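Colleague: Using only what follows, build the 3D model:
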Amino acid sequence: MGRMARRVWLIGVAGVAVIALASVSNSNDETAATSATSTSSTTGDSATTSPTVAQTTSTAAPTVPPTSISRGVVAAPPSPGRPTRDNPLPTTAASTTTTAPPQNTAPPQNAAAFDAVIAAATVDLGDLSAGVAVIRDGKVLHTAAFGMENPTESRIATVNTRFRLASVSKIFTSVAIMQLVNEGAIKLDMPFVDQLGVRGPFADPRVATVTVRQLLSHMSGFPISRNIFFGHGLDTWRQAAKAALGQVLLFDPGTAFQYSNTNFCLLGLLIEKVTGQSFETAITARVLDPVGAHAHAHLAPTFDNEVGDAVHASGAGRNYMEVLGPAGGWVATPLDVARVAAALRADSTDDMLLDTATVDMMRVPVPVPVETPPPVTWWSYGLGLMLYADGSWGHTGTIENTHALVINRPDGLTVALLVSGKFPSNSDDLLTIIDQAVAASNAA
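Modeller: Below is the predicted model of the structure:
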């Protein structure tokens, strides 16, 4: 069956088999980042069967699917194919239609070329669905959706479909923490246990010295705790946070980097403590509502999706969404995620969620390696942000059948790309897909 035929073939009963097959996976961890003390913290999904249904906005011939790139330590000047501020994705008028197909807000010419690249790297390879949003100078340039939101119910993905964010969720948590730091409610360089009002003794006395800054930057020493998050070791993120108080740290706080979801579960507890609100209520009020994120972003369970939430195939008995919470449990539309990231830019034309000096502080990389050897994309980490050598910054996210990225690029674009499915195999490759999509739109 041809590629375009696959995109428009509507399925019914076949969707049940698709989800069952897609849920077969070797993945047991969140892979947005790996450890400085190990060569790999995760294994990738290995199932090769995925849905054959995908709805896209484009009839343009797809480009060659993206491949990995290396973003060197010293950022090179933009190549002829890479967009610059003087050669951005063109502005296109937004539409409020939700009629399918197609599902986008900017269908003509250049946007079609952009969409073709996204589709070729996701739904054309077998992903269940994908969504993308592009913002520049506070204006929504483009949104599009591909594939099926829920194949068993024959629901086509729309620009309002909410996808799992995985570790992109950490941006929401870090923004709220830094707002509370600026308000004087949280002390960045004070031990977090003192601010939680928790007293020892602790299994490891060093836990009492871990600061909020060290939690935000993954320099606390808390271990990965794979079984807690991905082996149904506990039932909720609050339990995961409290369990951390009995853990033994991997190193003296502040001396090394170890990416750990535990850090952000602890930050979630701190947000609840100082605001007197539930974590979800605080994030909605502080981060989502101010940027006009009105698509009901929410903490979601691993199963029992709400209408409007994309289906992400999950292995039976797993409960990682409930246990990740502030570290990776949100679902949201690409546009709402892009709005949050765009509201952190110094060149934002809308009200910023944080002042420029605070965001600049969040973009200071940790003074230690994040991986040994260095990651191929040469990323480092700040305070809840992933930082790349070309000057772009944001966060990736990966859990079972979930790949997510939001990125603020040096050319002025903010792009969110969210995927339900196994492709690309590495979420860092979403950076390349976006590069190629923007280049294709400029060349069209």
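
Colleague: Against residue 400, how distant is residue 234?
Modeller: 18 Å (C-beta to C-beta, to the nearest Å). Backbone N, C-alpha and C define where each C-beta goes, glycine included.

Colleague: Pick out whichever of these two has more residues nearby.
Modeller: Set residue 234 next to residue 400 and count neighbours by other C-beta atoms under 10 Å: residue 400 wins out with 26 against 19.

Colleague: Please name every helix or strand in contact with the longest strand along the chain.
Modeller: Longest strand in the chain, counting residues (DSSP state E): strand 139-150. In terms of contacts (3 or more C-beta pairs under 8 Å, 6 or more residues apart in numbering; DSSP states H and E), strand 139-150 is packed against helix 109-121, strand 129-136, strand 155-156, helix 334-342.

Colleague: dump the residue contacts of residue 225.
Modeller: By C-beta atoms under 8 Å, 6 or more residues apart in numbering, the contact set of residue 225 is 233, 240, 243-244, 247, 260-262.

Colleague: That one and residue 110, how far apart?
Modeller: As judged by C-beta to C-beta, residue 225 and residue 110 stand 45 Å apart.

Colleague: go on, residue 120?
Modeller: Separation of residue 120 from residue 110 (C-beta to C-beta): 16 Å.

Colleague: of the two, who's got more company?
Modeller: Higher neighbour count among residue 120 and residue 110: residue 120, with 23 against 20, using other C-beta under 10 Å.

Colleague: Could you report the pLDDT at the more buried one?
Modeller: Listed pLDDT for residue 120 reads 98.

Colleague: What of residue 6?
Modeller: Residue 6 is assigned a pLDDT of 34 by the prediction.

Colleague: Same question for residue 160.
Modeller: Residue 160 carries a pLDDT value of 97.

Colleague: and it, which of the three is it?
Modeller: Local secondary structure at residue 160 is given as coil here, using DSSP: H, G, I helix; E, B strand; the rest coil.

Colleague: wait, isn't it in contact with residue 307?
Modeller: No - counting by C-beta atoms under 8 Å, residue 160 stays clear of residue 307, with 10.8 Å between them.

Colleague: neighbour-wise, which of these two wins?
Modeller: The neighbour count for residue 160 versus residue 307, taken as other C-beta under 10 Å, is higher for residue 160 (19 against 9).

Colleague: mind listing the strands in the stretch 251-400 of the chain by residue range?
Modeller: Secondary structure of the stretch 251-400 of the chain (DSSP state E, counting those that start in this stretch): strands at 298-299, 330-332, 380-381, 386-387, 393-399.

Colleague: Check those for me and report the most buried one.
Modeller: Per residue and on average, the most neighbours among the strands of the stretch 251-400 of the chain fall to strand 330-332, with a mean of 30 (mean count of other C-beta atoms under 10 Å).

Colleague: List phi and psi for the spatially most distant residue from the centre of the chain.
Modeller: What lies farthest from the middle of the chain is residue 201; by C-alpha atoms, centre = their mean that is 35.9 Å. For residue 201, the backbone dihedrals are phi -80, psi 150 (criterion: degrees, to the nearest 10).

Colleague: So what's the model's average confidence on stretch 166-182?
Modeller: 98.

Colleague: and what of stretch 356-372?
Modeller: For stretch 356-372, mean pLDDT rounds to 96.

Colleague: So for that stretch, first residue to last residue, what's the gap.
Modeller: End-to-end distance for stretch 356-372: 32 Å, by C-alpha to C-alpha, to the nearest Å.

Colleague: Contacts for that stretch, please.
Modeller: Residues from elsewhere that reach stretch 356-372 (C-beta under 8 Å, 6+ apart): 33-37, 174, 178, 181-182, 216-219, 255-257, 259, 344-346, 352, 354, 379-385, 387, 393.

Colleague: Are any of these buried, and if so which?
Modeller: Neighbour-count burial (16 or more other C-beta atoms under 10 Å) applied to the contacts of stretch 356-372 gives 33-36, 174, 178, 181, 216-219, 256-257, 259, 344-345, 352, 354, 379-385, 387, 393.

Colleague: Now which of the contacts of residue 225 would you call buried?
Modeller: Among these, those classed as buried by 16+ other C-beta under 10 Å are 240, 244, 247, 260-262.

Colleague: Inside helices: which ones of those residues?
Modeller: The members of those that map onto helices under DSSP state H are 240, 244, 261-262.

Colleague: now, the most widely separated pair of the residues you listed?
Modeller: Spanning the widest gap among these are 244 and 261, at 10.0 Å by C-beta to C-beta.

Colleague: Contacts only, for the residue sitting nearest the centre point of the chain.
Modeller: The residue lying closest to the centre of the chain (C-alpha atoms, centre = their mean) is residue 168, at 2.7 Å. Shown in contact with residue 168 (C-beta under 8 Å, 6+ apart): 328, 330, 337, 394-397, 404-406, 416, 418.

Colleague: thought residue 388 was touching residue 375?
Modeller: No - applying C-beta under 8 Å, one finds residue 388 not in contact with residue 375, separated by 9.8 Å.

Colleague: circling back to that earlier point, report the inter-axis angle for the longest strand of the chain versus helix 109-121.
Modeller: If you take axes from the mean of the first three to the mean of the last three C-alpha atoms, to 10 degrees, strand 139-150 sits at 40 degrees to helix 109-121.

Colleague: Of the contacts of residue 225, which is the nearest to residue 423?
Modeller: Distance to residue 423 across these (C-beta to C-beta) is lowest for residue 261, with 23.6 Å.

Colleague: Surely that closest one and residue 230 touch.
Modeller: No - checked against C-beta under 8 Å, the pair residue 261 and residue 230 is beyond contact range at 9.4 Å.

Colleague: The closest residue to residue 117 other than its chain neighbours: how many residues sit nearby?
Modeller: Leaving aside its sequence neighbours, residue 117 sits nearest to residue 437 (C-beta to C-beta, 6 or more residues apart in numbering; 3.9 Å). Using other C-beta under 10 Å, residue 437 has 29 other residues around it.

Colleague: measure residue 437 to residue 110 for me?
Modeller: Applying C-beta to C-beta, the value for residue 437 to residue 110 is 10 Å.

Colleague: And the contacts of residue 225, which is closest to residue 141?
Modeller: residue 261 (32.7 Å).

Colleague: list the contacts for the closest one?
Modeller: Residue 261 makes contacts with 30, 167, 224-225, 229, 240, 324, 327-328, as judged by C-beta under 8 Å, 6+ apart.

Colleague: For residue 210, give me the pLDDT.
Modeller: pLDDT, the model's per-residue confidence, is 98 for residue 210.

Colleague: average pLDDT across stretch 314-324?
Modeller: Throughout stretch 314-324, pLDDT has a mean value of 96.

Colleague: Sorry, slip of the keys, the one I care about is stretch 267-279.
Modeller: For stretch 267-279, mean pLDDT rounds to 98.

Colleague: quick check: angle from the longest strand of the chain to helix 334-342?
Modeller: When the same axes, to 10 degrees is applied, the directions of strand 139-150 and helix 334-342 differ by 140 degrees.
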